[in-house]
Structures are given as structure tokens and as C-alpha cells.
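A.B. asks: got a structure for you, letters missing:
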């Protein structure tokens, strides 16, 4: 999917919500455990109940790998279900990959071609040749870690290089890479005030924003500093939606939680 | 396995060779493709032929993920084969993972507990809470990216922070983390002269050194600057060994290539 099509979906649904599918087998309703594929059944119920209120889903690959072969099967079934039932949805493989060129090429092929995700999250530490293989696909994006929402972001990302923070160096340097129009960036919402300076460096690119709500960022601030005329934002919520309830109507309650966020987002979109 | 046990194996085998299992289904001898699990059969043949000359194997996870469910099955069979047939071998999941705490915990459990690798490679960009979950296991290690062997290493890793390179900041900062005795580091051999300064920061930790041979580093220089009294080095070779031949005796030829490296390493160990 192109960024333009994603923007169209956002205006159509009045939502820039991404639902994180961080599905922990130990946290899903116990009655699902008797199903052949509990993780997929959980995802299907969540997706059916929330898709009207969001534009994107983001399976966190760690949670699937943790279940080995069965986890990969659940991941494949989930992405295939999304492609088949809801082709208008934008999909993100939250994998945080990045390696030397020939290895990154393998990861890119796996997530962007074979599994057919629209995008994959990528770590920048190994530089240009570790990221560019993810940028070679038409209508596919790499979402590069810039400023993350965790405490450890202050260990290296905010350290000064030549008078500016490492994450700004990552933003500026990555703009020079081949097919950089296929870049989006992870920017944590716990530091919404940083978004103003970030937008001076990358005025157009989509930002994937984790950490609204549970991790303390405010949606209003994120929009104030980060929103562009084409929106340019995907705001993620994972656990607050998918684990809102452990009862048999968990999906319905997840849908209601997603709708609350969608309504808040519609309010922000009206300010554009 | 503890670093002490690894050192014992190195002295016993007179080798600090790690063989990288970057197994590309498009590059293995075609006659193996009729097997039920060609990747595992390739690995088994390579392992049987090379295990006498090396102390470690390093499957590159990208190459297994690229084959989806079948790839994960091949990975599981390979690590189980190593555990069962050659328990004295040190195993590295080359995965370059790293994410917020609860996600890193999932990756750590997958590779260090469920699959039972001795170690996993980890990217430092997200800082302390993204790495510490990999350090919580007895006799298991996280191998943190410090200075990699690719061209992109110069984009960020060698940039100056407060008068020293980012990779040195990574080394120094990571030493302060909980269970930091379980850290090893990736240091590329293309910059062997950097090893002297690296050893001033981390005099004891094991270094995983890619890029000897194919990527231009010299074994002698790596040992001159990087070897400790407990050796403290694992030098990796992947493609030069496993793809040395495409003929039916590929494993035998791989074994011969590994032996050449082992002999060079024995020569270096005699200098200790």
C-alpha cells in the first residue's frame, strides 16, 4: 500500500489507529486454548471486532516466534486472513530486524514479499546497507527506529553527535538513502514535544507512534506536533485493546476500546 | 555454556572457529532438494564434516525465516541435532534482535530457553531495557552488536559522542547493565586495529568476529590485537566454508576448508 492510499483510508475511517497484535498464549481467554490454533482464533475475533475503527494491524513477531512452528503458522494465517477479508488494511510486521545486506535482503523478502506485509520495522544501528534492502519494494515501507518509547531510548538515541541527538542523525542520514521515500519512522509518544523538531527534519513521512495511553503519551500532543496535512501518523495501541477483557466477549470489548480511540482520532482529524 | 567452558573447548580443539550456517535453499547442492528437509540435511552433512575443527555454529535466523514454517522446522532440527550429537559445541542464534522489555523477553525465551541456544546476537539501539532480558539466563550469553563489519558501520557506530565513537559508548554503557558478565560483543575484523582500543574497554569478554577472509580482515591481526589469555575470540566463517563446493562431496570440502582455518588458529594459539 502507498502512503497516499493509507491517508485515504485514514480519512475514510476517520481513524489512524494501529492495533498491535502482541498475542501472548498465556493471556488469551482460556476457552480458546481448545481450538486448533488459539492464537489465530484470538486474532480473527479481535480483527473482526476492531477493523472498522482502525487502519492498520501490527503483529509483534516475537510473540509468534515464541511459539515456534505453530507461532509461524498463526502468523501466516493472520496475515492471509487480513489480505483476504480486509485488503484495505495496512499491515506492519513489528520485527525490528537489520543485518548486513544479504541477510537484510532475506528478512525483507520474508516479510514484504512472501508474507506480503505492507511494512516491517527495522533497526538502524548497522547503517545504510542494512536498511536499503527493505526499501526496494513497490508500495512497501520500512519503518525505521528513530526515537523509541522505552527508557533505554536515553542510553544512545538521545546522545549528542556533532551537537545533535543520534536519532536526528538517523533521520537525516536515512533521508539520503536509495528509495528513502519508502521510509516511515518509529517515534515514541512519551516525548511528544520532540515531534516538532522531528517534523522539521522529515516533514512528510509517516510516523508510527507507540506509547499513547499505557506508556503515558497524550494523543492530543502527538497530533499537535506530529500531524501533517496528509495526517502522517499511525498511533498504535496493543495491550489496552486486545487484553481489555479476558471474558468470552473479549472481542466486543476490544472493539469498544478501539472505537473510543477512533472517536478521539476523528476529533483530531476535524482540526486539520 | 559458560565462557570458561568455551575456552576449555578452544584449547582442546586448538580452534576458535565458528561456522556460520547461512543456508540458502538456492545455493545448496540440487540433489538435496529431493530430501524431506533439504536445509537440515545440508546442515547435518556440514556439521558432521566440520565439527572437529570448530567450537561453535551460528545459524543466521534470516535464512530460516525465509522458508517460513519449514525454515523453523529446519532450525529446530539443526539445534536439536547439535545438542544431541555434539553437546560440546557452542551455539549462536544470529538474530540481531532487540525491542522493548516485554518483547525482548519473548525473543530471549525463544532462543535461549525454548530452542536452547547458548547465545543470541542483539542490537543495542534501544538501550538497557531492550538488552537486559537476554542476560538473565545462567550460562547463556547475549552477543551485542558493537562495531560491525559492513560499510554501514560508519553511518552511526563510528560517529563521535562526547569525543568517542558510538560503539565505544555501547561497550562502556553495556558494562554497567545487570548481569553484564553474560555479554559478548560483535566486532568486525575489517577494522582489526580498533581491537586494541576495544580491549582497553572490555579486556575479558568474548568477541564474535565476522569478516575474516571473505570480507578482508586478517586472522593474525585479529589475534594480535584481540586475543586474551583466555583467548576471548570466536572467529566466524560462513560462505567460504559451507559453499566451498556445490558437488556431492561439498561437506568433505567444507571440512577441509574448516581444517585450514583450524590450523591457522592453532598457530595463533601457540603464541599465547
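C.D. replies: It's in. All values reported here derive from a predicted model rather than from experimental measurement. Numbers count the residues shown, from 1 in each chain, chains lettered A, B, ... in the order given.
A.B. asks: now the helices: where do they sit in the stretch 1-150 of chain A?
C.D. replies: Listed in chain order, the helices of the stretch 1-150 of chain A (DSSP state H, counting those that start in this stretch) span residues A:3-13, A:38-50, A:61-65, A:68-85, A:101-108, A:128-131.
A.B. asks: how about those helices in CSV, adding mean pLDDT, distance to chain B and mean neighbour count?
C.D. replies: C-beta here means a position set from N, CA and C on the backbone, and glycine is covered the same way. Shown next, in CSV, are those (pLDDT from 0 to 100; distance: least, Cβ to the nearest Cβ, whole Å; neighbours: other Cβ atoms under 10 Å in any protein chain shown):
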stretch, mean pLDDT, distance to chain B, mean neighbour count
helix A:3-13, 98, 24, 17
helix A:38-50, 98, 13, 21
helix A:61-65, 98, 4, 26
helix A:68-85, 97, 5, 18
helix A:101-108, 97, 4, 22
helix A:128-131, 98, 4, 24
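A.B. asks: Could I get those helices in JSON lines, plus columns for distance to residue A:252?
C.D. replies: Listed next are the helices of the stretch 1-150 of chain A as JSON lines, based on distance: least, Cβ to Cβ, whole Å:
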{"stretch": "helix A:3-13", "distance to residue A:252": "19"}
{"stretch": "helix A:38-50", "distance to residue A:252": "6"}
{"stretch": "helix A:61-65", "distance to residue A:252": "22"}
{"stretch": "helix A:68-85", "distance to residue A:252": "18"}
{"stretch": "helix A:101-108", "distance to residue A:252": "36"}
{"stretch": "helix A:128-131", "distance to residue A:252": "40"}
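A.B. asks: Among those helices, which comes closest to residue B:21?
C.D. replies: Among those, helix A:101-108 comes nearest to residue B:21, with 12.5 Å by Cβ to Cβ.
A.B. asks: Contacts for that closest one next, please.
C.D. replies: Residues from elsewhere that reach helix A:101-108, judged by Cβ atoms under 8 Å, 6 or more residues apart in numbering or on different chains: A:95, A:97-99, A:120, A:122, A:129-134, A:136-137, A:142, B:22, B:24, B:60, B:62-63, B:65-66, B:150.
A.B. asks: let's see 7 Å
C.D. replies: A:97-99, A:129-130, A:133-134, B:60, B:62-63, B:65-66, B:150 (Cβ atoms under 7 Å, 6 or more residues apart in numbering or on different chains).
A.B. asks: okay, those in TSV with distance to residue B:77 next?
C.D. replies: Converted to TSV, these look like this (distance: Cβ to Cβ, whole Å):
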residue	distance to residue B:77
A:97	23
A:98	27
A:99	23
A:129	31
A:130	29
A:133	28
A:134	29
B:60	16
B:62	18
B:63	14
B:65	15
B:66	16
B:150	30
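A.B. asks: Taking the stretch 1-150 of chain A, what residue is nearest to chain B?
C.D. replies: residue A:127 (2.3 Å; Cβ to the nearest Cβ).
A.B. asks: how near is that residue to residue B:120?
C.D. replies: Shown here: residue A:127 relative to residue B:120, a distance of 21 Å by Cβ to Cβ, to the nearest Å.
A.B. asks: what does residue A:168 give?
C.D. replies: According to Cβ to Cβ, residue A:168 stands 30 Å off from residue B:120.
A.B. asks: what ranges of the stretch 151-272 of chain A fall below the confidence cut-off?
C.D. replies: Low-confidence segments of the stretch 151-272 of chain A (pLDDT under 70): A:213-217.
A.B. asks: Just the strands from it, written as ranges.
C.D. replies: According to DSSP state E, counting those that start in this stretch, the stretch 151-272 of chain A carries its strands in the segments A:160-161, A:164-165, A:183-187, A:207-209, A:233-237.
A.B. asks: neighbouring strands for the third one, and are they parallel or not?
C.D. replies: Based on DSSP bridges, the strands next to strand A:183-187 in the sheet, each with its direction, are strand A:141-147 (parallel), strand A:207-209 (parallel).
A.B. asks: OK, contacts around residue A:98?
C.D. replies: With Cβ under 7 Å, 6+ apart, residue A:98 has these contacts: A:104, A:122-126, A:130-131, B:96, B:123.
A.B. asks: Tell me the one among those nearest to residue B:258.
C.D. replies: For those, the nearest to residue B:258 is residue B:96 (24.3 Å; Cβ to Cβ).
A.B. asks: In this model residue B:120 seems to touch the closest one, though I could be wrong.
C.D. replies: No. Contact between residue B:96 and residue B:120 fails when scored by Cβ atoms under 7 Å: they sit 8.8 Å apart.
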